[in-house]
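> Give me a model of this one.
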Amino acid sequence: MPAPVRFRSARLGAALLLVALAPVAPSAGCQWMAWPGASQGDGIAGEDARSAAPDAALSTPASSDETLSARDESTEERPSDGFSSRSPGVRLEAVEHWLKEPRPGPLPDELIELRSDRDPRVRAAALSALARGGQEQAAEHLRAALRDHELQVRLAAVAALGELGGSEAEAALAEALDSGAEQVRAAAVAALAHAGAEQAVLDAAEDESWRVRREVARALGAFPSRNGLRTAEALLDDPSPEVHCAVVRAVADWPLEVAGPVLLRAMAGEGYRRRSEAAELLAARWSPAAGFPVDGPALRRNEVLARLEEAFRREFQRVDPGALIHSAGVAARPPITPEQLDRVQALLDRRDTAGLAATDPELLPVLEALVFDRKHLLPEWVYGEVLARRDAAFEAIEGLGPEGLPDRRRAAGRLVELARQRPLSRLAVARLHTLILAEPDQLVWQAALAAVAADPGEQAAGLAYAAIGHPSPEVRRRACEHLAAHPAPGHAKVLLASLTEQSPSVLAAVVRALGSLDRLEDTRPLRPLLMSKHETVALEAARSLHRLGDPSGTEALRRLAQSDDPAVRREVARAIGERPDPTLLPVLVGMLDDRVSVRRAAVASLDAIAGEQPPPAADGPSPGTAEEVERCRRWAQQQGIVTSRP
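Predicted coordinates:
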C-alpha cells in the first residue's frame, strides 16, 4: 500500500521531540545544534534534571520479552483491538499503525482514551493521533497534557499543538512559554513558529534560557518583518554565540535588501564563527562581500566593512521589510488583449494541446481572463492535459480526483508545500474548490484550507464557505479562521447562520470572525453568548462586541479580566488594545503585575490606548521587559490612574 501523505506538520512533531531529547555536544563550527547542545559540565537543572532521566529510560525500545509478547499478541489482534491490549508494546504499536494509516472519520474512542494511558510512550503517541485526527476536543486534551508529570509527554503535547494549529492551540503554547520547563519552552517556540504565531515567538527572545532564545533565532527566517528585523538585531547582542550563529543562518533566507544590513552587522562582531558564517552567506548573494578579510586584523576588517556598508547602502536603499515581503513575487503583467483571448479560445475549441503549450508564459492569465471576465467554462481536459503538465500546483490539485485516499492525502500535502512557496493562482483555487466538494476526508479538507490560508480572494472565501458546512468540527473551525483572517462584508450572512454551532471551539471561531468585520448592522445575536458556560466563547463574544462598539462587550472584558485562567486574562489585554477605550486603562495597568505573557499584552495595549502619551517604545526594550513595565507604571502614576488588579 502506498505510504500516506506526510504533512509538514507531522515532520515538525518528530523534529520537536528530537530537538528536545537528543543530547549533542556543541560543534566547533556555526552549526544548528540539537537539543540540549550540552557539553561537559552543562547540565539541566531543576525539573528537567528530574524528568529527563526517567524519560530516557521510558523512551528506549521495549525489552526482547515484551517485543516477542507484542508480536505474538499482535498476530491475534486487529489494530483496533490493540488499543485495549494489556501489553503497552501492543498499544503503542496500534497507535503507531493508526498514525501511519489513519482511517477516515472520527478517532476511535479507545484511541482517544489512550491519552491517559499509564505508559508515557503510549500517551505521547496518542497525543499525536489527537492532533492529526481532527478530534473536536483535541486542543483541550493537549492543553491538559502540558501538565503531565513526564517530560516526554509534555514535549509530545507541544509538538501535537503545533501540528493542530488554531487559536486555542496557540494560546496553550503561549502558556507553556510562561510556565514550562526549559525544554518545553524551546519546543513551544518551534511549534509556534510553525503555526505562524510571529508575536508569540518574538516575545520569547527575552527568555532566560539561551536554548530558548536560540529557537527564536532559528525561527526568524519565517518572519522577515519589522519586528523580526528588530529581534534579529537584538539577538546579535545576545551573550550566547550559538544564538548569534542561529540568527545569521536564519536571516540569510530573507530578501537580500533586508538580510544584508543584519549580516554586515554580524560581520562586525568579535566572534569568529558568526563573522565567518555571515561573510560567507552574504558573499554567496552579494559578490562584494567576498573581499571581506575574515581572518584579518581588526583594523583591516573595520576598514573593509565600512566600505562594504557604504556600497550596500548605495546599491540597496533602506527598505521597509513588511512592504518588501508583501510585494515579493508579484510582478506587473501587461493587460490581456482581445486578440490573445480569441487565439486561446480558438485553441480550446480545436482541443489543440500543443498550441496551448506553446503560448508560454501568458497562458494562465489568458485562461483566467476567459474564466473570470468572460465567464467561460473551461473543459476538463485543460486541467489534466495542459495545466497539470506545466504547473506543479495544478498537478497536485488534479491528484485530489478519484485516486485512493493515501494518494489524495499525498497530493494535498504537496499542494500545501507549493502554496507556501508561491500563492496559488485564482484559477488553481477555483479548481481546488470544484474538486474538494466531493472529498469525504477531513484531513484533505484541512490541507485545502491550509493551501489558501494567505489568500484573501473570493475563490478562497468560497472554499471556506463550503467548509463551514463540513461534518468535521476541525474543518469548520479552520474555515472560520480563514474568514476572520480575511474579513469582508459578505462573510456576515454565512457567519450569523453559524451561531447555532454546537461545538464550543467552532462557535468561538465563528464569533471571532464576526468581530473581525469592519461593522455588523445588528450585534444583538452575539450578546447572549457573553453568558456562555464556555469561557472561550464568552471571551470571543466580549472581544467581538467590544471591537464592534457594543458597550456590553466592554463591560464583559472588564469582568473577564478577573478570570482564573491566565490565557483568558492575556487575551482580554489584547482585546482591549484592539479598540482603544480609556475607561479600561485601570484594568491594563493592574495587569502589569500579572504573569509575563499578560504583562506583554498589557504593555502593547497601553501603547495603543494612551494615544499621544504612551510610554516611548520605538527604540526601547521589547514589551514585557522589566524596564518597559516599570516605565508604564511611572506613566500611569503621572496620569493618576488607579489600578484595577485582577
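> Centroid-nearest residue for the protein?
Centroid-nearest residue in the chain: Ala195, 1.2 Å away (criterion: Cα atoms, centre = their mean).
> Ala171 is in contact with that one, correct?
No: using Cβ atoms under 8 Å, Ala195 is not in contact with Ala171; the gap is 11.0 Å. Where you see a C-beta, it was placed from the backbone N, CA and C, and this is true even at glycine.
> circling back to that earlier point, please tell me how far the nearest residue to the residue nearest to the centre of the chain once chain neighbours are set aside sits from Gln446.
Leaving aside its chain neighbours, Ala195 sits nearest to Gly165 (5.0 Å; criterion: Cβ to Cβ, 6 or more residues apart in numbering). Separation of Gly165 from Gln446 (Cβ to Cβ, to the nearest Å): 9 Å.
> Residues in contact with both of those two, list them for me.
Residues touching both Gly165 and Gln446 (Cβ atoms under 8 Å, 6 or more residues apart in numbering): Arg478.
> Export stretch 633-646 to PDB, keeping only CA atoms.
What follows is stretch 633-646, C-alpha atoms only, in PDB (Å, rounded to 0.1, in the frame of the first residue of the first chain):
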ATOM      1  CA  ARG A 633       3.800  52.100  35.800                       C
ATOM      2  CA  ARG A 634       5.500  55.500  36.100                       C
ATOM      3  CA  TRP A 635       3.400  56.800  33.200                       C
ATOM      4  CA  ALA A 636       0.200  55.500  34.900                       C
ATOM      5  CA  GLN A 637       1.200  57.300  38.200                       C
ATOM      6  CA  GLN A 638       1.700  60.500  36.300                       C
ATOM      7  CA  GLN A 639      -1.700  60.200  34.800                       C
ATOM      8  CA  GLY A 640      -3.300  59.500  38.200                       C
ATOM      9  CA  ILE A 641      -4.700  56.100  37.100                       C
ATOM     10  CA  VAL A 642      -5.900  53.900  39.900                       C
ATOM     11  CA  THR A 643      -5.200  50.300  39.100                       C
ATOM     12  CA  SER A 644      -7.800  47.600  38.800                       C
ATOM     13  CA  ARG A 645      -5.900  44.400  39.600                       C
ATOM     14  CA  PRO A 646      -7.200  41.000  38.500                       C
END
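> List the contacts of the closest residue to Asp581 other than its chain neighbours.
Closest residue in space to Asp581, ignoring its immediate chain neighbours: Thr554 at 5.9 Å, by Cβ to Cβ, 6+ apart. Contact analysis of Thr554 by Cβ under 8 Å, 6+ apart lists Leu545, His546, Asp581, Thr583, Leu584.
> What ranges does the stretch 351-500 of the chain have for its strands?
Using DSSP state E, counting those that start in this stretch, no strands are found in the stretch 351-500 of the chain.
> low pLDDT regions in it?
Applying pLDDT under 70 to the stretch 351-500 of the chain picks out residues 360-361.
> and what of the stretch 101-250 of the chain?
If you take pLDDT under 70 as the line, the stretch 101-250 of the chain has these spans: 102-105, 134-135, 180.
> redo that, cut-off 80
Applying pLDDT under 80 to the stretch 101-250 of the chain picks out residues 101-107, 132-136, 165-167, 178-180, 195-196.
> and the residue nearest to Asp581, what element?
Assigning secondary structure by DSSP states H and E places Thr554 in helix 551-560.
> How far away from the center of its chain is that helix?
The chain centroid and the centroid of helix 551-560 are separated by 29 Å, computed with Cα atoms, centre = their mean, to the nearest Å.
> From the contact counts, what lies against the helix or strand following that helix?
Following helix 551-560 in sequence order, the next helix or strand is helix 566-578 (DSSP H and E). Applying 3 or more Cβ pairs under 8 Å, 6 or more residues apart in numbering; DSSP states H and E, we find helix 566-578 packed against helix 167-179, helix 535-547, helix 551-560, helix 585-590, helix 596-610.
> what does the shortest one contact?
Read it as helix 585-590. Residues from elsewhere that reach helix 585-590, judged by Cβ under 8 Å, 6+ apart: 557-558, 561, 572-573, 576, 602, 605-606, 609-610, 632-633, 636, 639, 641-646.
> List buried residues within those residues.
Listed as buried from those are 557-558, 561, 572-573, 576, 602, 605-606, 609-610, 632-633, 636, 641, 643-644, 646; burial here means 16 or more other Cβ atoms under 10 Å.
> quick one: the residue nearest to Ala195 from Ala191, how far?
Distance of Gly165 to Ala191, computed by Cβ to Cβ: 9 Å.
> Would you mind telling me which of the two has the busier surroundings?
For the pair Gly165 and Ala191, the greater number of neighbours falls to Ala191 (31 against 24), based on other Cβ atoms under 10 Å.
> correct me, but the more buried one touches Val158?
Yes: using Cβ under 8 Å, Ala191 is in contact with Val158, at 5.4 Å.
> that older thread, any idea how far the residue nearest to Asp581 lies from Pro487?
In terms of Cβ to Cβ, Thr554 sits 21 Å off from Pro487.
> again, but for Glu398
Distance of Glu398 to Pro487, given as Cβ to Cβ: 32 Å.
> same thing with Arg301?
51 Å.
> next one: stretch 587-603 to chain centre, how far?
For stretch 587-603 - counting by Cα atoms, centre = their mean - the centre lies 24 Å from the chain centre.
> in that stretch, what's buried?
For stretch 587-603, a neighbour-count test (16+ other Cβ under 10 Å) marks 587-592, 594, 596-603 as buried.
> One more: stretch 106-123?
With burial defined by 16+ other Cβ under 10 Å, the residues of stretch 106-123 counted as buried are 106-108, 111-112, 114-115, 117, 119-123.
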